[in-house]
Every structure is written in structure tokens, then in C-alpha cells.
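*Asks:* Sharing a sequence plus its predicted fold:
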Amino acid sequence: QVQLVESGGGEVQTGGSLRLACTVSGNSFNHYVMGWIRQTPRKERQFVAAIKWNSGGTYYAESMNERFTISRDYATNTVYLEMDRLNPQDTAVYYCAADKDGFLGKNAVYDYWGQGTQVTVSS
């Protein structure tokens, strides 16, 4: 069992940047994959990026790696999502999630979820 708490959301203008953080706690998660998934105002769920906790290997949805960067910090048990050149289509609730089976890919099944953080990009 792990707990995930997101932070860093807010409102930003088109072209701006935000860094989301996800603090991870609980049982050993060294082999987990941590992902960021967003839900748009139309309730569409979109995979954004994922990172393998132990190796740091990453996987991005197509075109996401051009503006988004996922990383993790061992010392603070935090997963980050750096988002640059934001546009209104990036407006969504961003969720941090954990896959205990450690599958790094778009179709991973996430077992644990945070409460989400709202990102709003105004034009």
C-alpha cells in the first residue's frame, strides 16, 4: 500500500510553465512505476508520462516528451512533472498513480492514485 499526494497545480497563462510534485509514502515501492495521468474537462483520461522508480527509466505519451519531463527524487520520495509551453488543451486534473507490477508503458494498470491537482491554462 502506498499513498500519493500531488501538489503544484494552479492557473497559468498560455506559454507558461508549472512543476507538479507527487510525494510517495508507504510500503516498499522500489519496483513500482509512477505515472502521471490527466483528466480533461470533458472527462477524457489521458496518459502523460511514467517513470520506473528504481531505474529511472521513462515513458511518455506520444508528443508529450516535447514539453513535459518526468523525474523522481530518491531523497524526498517525490515524483515530478515539469510542464513547459502550456496551452489551454493542457487544462485538466493531473493525477499521480502507482503501478505495483512495475510495467512501464502506456497501458499500465495503476493500483494507487492520488487525489489529483487542477491545472488551468488560460488563453
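*Replies:* It's in.

*Asks:* So which bits of stretch 60-75 are buried?
*Replies:* Buried residues in stretch 60-75, counted by 16 or more other Cβ atoms under 10 Å: 60, 61, 64, 68, 69, 70, 72. Using the backbone N, CA and C atoms, a C-beta is placed for each residue, glycine as well.

*Asks:* what's the most distant pair in those residues?
*Replies:* 61 and 72 (17.9 Å; Cβ to Cβ).

*Asks:* For the residue nearest the centre of the chain, list each beta-bridge partner.
*Replies:* In the chain, the centroid-proximal residue (Cα atoms, centre = their mean) is residue 36; its distance is 2.3 Å. Residue 36 has the following beta-bridge partners by DSSP bridges: residue 49, residue 96.

*Asks:* Out of the buried residues of stretch 60-75, which is nearest to residue 45?
*Replies:* Lowest distance from residue 45 to the buried residues of stretch 60-75 (Cβ to Cβ) belongs to residue 61, with 11.5 Å.

*Asks:* Go ahead and confirm the closest one touches residue 50.
*Replies:* No: in this structure residue 61 lies outside contact range of residue 50 using Cβ atoms under 8 Å: 9.2 Å.

*Asks:* Would you confirm that residue 118 contacts residue 95?
*Replies:* No: here residue 118 does not reach residue 95: they are 10.8 Å apart, not a contact under Cβ under 8 Å.

*Asks:* which one of these two has more residues nearby?
*Replies:* residue 95 (22 against 12; other Cβ atoms under 10 Å).

*Asks:* And the strands in this structure?
*Replies:* 2-7, 10-13, 18-26, 33-39, 45-52, 58-60, 68-73, 78-83, 92-99, 112-113, 117-122 (DSSP state E).

*Asks:* Quick one: closest of those to residue 105.
*Replies:* Comparing these by Cβ to Cβ, strand 58-60 comes nearest, at 5.8 Å.

*Asks:* hmm, who's touching the closest one?
*Replies:* 48, 49, 50, 51, 52, 68, 70, 104, 105, 106 (Cβ atoms under 8 Å, 6 or more residues apart in numbering).
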